[in-house]
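Trainee: no letters, just coordinates:
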């Protein structure tokens, strides 16, 4: 057993000594945690898929994954962050130098998600302002979902060349 693994570093004595920024109140932390954990798929896609394919067939594995995997990992991440009072790279690097890759991959994944959600949010805002027009842009010359899909792909997302 290595010396690093046998003797983990001590946590700072107080918040003032650590030099790390802190949340102004608990509600700000809770809203940030929920905002990073709940995505568009959880709100829009999952209920639609559950309705389309029989309801409870997807709900039971979803809840099992949530309670058996999701919440324990969330509690682990919050606990490690509070104990070490450092960044995610520093937390895993404090445990063992070779584990810093977990922290780096977490930061890179966050960057990818922000990039994805920025584009998605731009499409939503574009469609929102298009909806204030005199007529529905997707209702021209035909009725049905095909024209709405073509409008979304060509006008909102910008797929028309």
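Mentor: Alright, I've got the coordinates. The structure presented is a predicted model; accordingly, all values stated were derived computationally and were not measured.
Trainee: the longest helix along the chain packs against which elements?
Mentor: In the chain, taking DSSP state H as the definition, the longest helix is helix 100-130. Secondary-structure packing of helix 100-130 (3 or more CB pairs under 8 Å, 6 or more residues apart in numbering; DSSP states H and E): helix 88-95. Quick note: C-beta positions are derived from backbone N, CA and C, even for glycine.
Trainee: and the helix it packs on, how far out from the chain's middle?
Mentor: The chain centre lies 21 Å from the centre of helix 88-95; the measure is CA atoms, centre = their mean, to the nearest Å.
Trainee: stretch 105-119 now?
Mentor: 8 Å.
Trainee: any idea of the mean pLDDT for that stretch?
Mentor: The predicted model gives stretch 105-119 an average pLDDT of 88.
Trainee: what of stretch 152-161?
Mentor: Throughout stretch 152-161, pLDDT has a mean value of 74.
Trainee: any buried residues in that stretch, and which?
Mentor: Buried positions in stretch 152-161, judged by neighbour count with 16 or more other CB atoms under 10 Å: residue 156.
Trainee: next one, pLDDT for residue 100 please.
Mentor: Confidence at residue 100, expressed as pLDDT, is 92.
Trainee: so who does it touch?
Mentor: 89, 92, 93 (CB atoms under 8 Å, 6 or more residues apart in numbering).
Trainee: give me the buried subset of those residues.
Mentor: For the contacts of residue 100, buried by 16+ other CB under 10 Å: 89, 92, 93.
Trainee: which residues of the protein fall in helices?
Mentor: For the chain, the helices defined by DSSP H cover 3-6, 15-18, 26-37, 40, 46-52, 56-65, 71-84, 88-95, 100-130, 145-151.
Trainee: and of those, who's closest to residue 157?
Mentor: helix 100-130 (5.8 Å; CB to CB).
Trainee: tell me the angle of the closest one relative to helix 26-37?
Mentor: 90 degrees (axes from the mean of the first three to the mean of the last three CA atoms, to 10 degrees).
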